[in-house]
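output the structure for:
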Amino acid sequence: MSAPARQYTTASANSAAPFLRRTWNLLSDKTTDHIVCWNSDGKSFTVKQPELLSAVLPKRLGVFHETYAGFLRELSLYGFRCVGNDSYGVPVSFTVTNFERGKFDNLGLVKRKGNYGRSRRA
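Model (predicted):
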């Protein structure tokens, strides 16, 4: 059973990108803690089972590709940085300013990077 949809109470939360809202809700859902969860500091999160996350992504988030690599690309677009790797060097722990457990209203402060990976032409 998934968590109920969150009611957006402020303009900041309302302006947050769907990817950020859905990722935050996925992290806050206790039924997925064995796959992905908040770290104890509440300022970062860890993907415990990337292979299982790939199966959950299209059902729960539906805004990016079904692969873990697609999830990583989306995180990068919003400025998330890796703060931990697994024993094989695969990124598994991530953080970005204003994406914190219990502070849903701050999501609107996390912005997508401009001009990501493309050169601008006049």
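
and residue 45, that one's in a strand?
Yes: assessed by DSSP: H, G, I helix; E, B strand; the rest coil, residue 45 belongs to a strand.

that one and residue 36 touch, don't they?
Yes: counting by CB atoms under 8 Å, residue 45 does reach residue 36; the two are 6.4 Å apart. The way it works is simple: take the backbone N, C-alpha and C, and place the C-beta from them, glycine included.

any residues in contact with both of those two?
Common contact partners of residue 45 and residue 36 (CB atoms under 8 Å, 6 or more residues apart in numbering): residue 27.

this structure: strands as residue ranges?
Listed in chain order, the strands of the chain (DSSP state E) span 36-38, 44-47, 81-85, 91-95.

now these as CSV including distance to residue 26, mean neighbour count and mean pLDDT?
Shown next, in CSV, are those (distance: least, CB to CB, whole Å; neighbours: other CB atoms under 10 Å; pLDDT from 0 to 100):
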stretch, distance to residue 26, mean neighbour count, mean pLDDT
strand 36-38, 6, 20, 94
strand 44-47, 9, 21, 95
strand 81-85, 18, 13, 92
strand 91-95, 13, 19, 93
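
for the protein, where's the lowest mean pLDDT among helices and strands?
Within the chain, no helix or strand scores below helix 11-14, which has a mean of 58 by mean pLDDT, DSSP states H and E.
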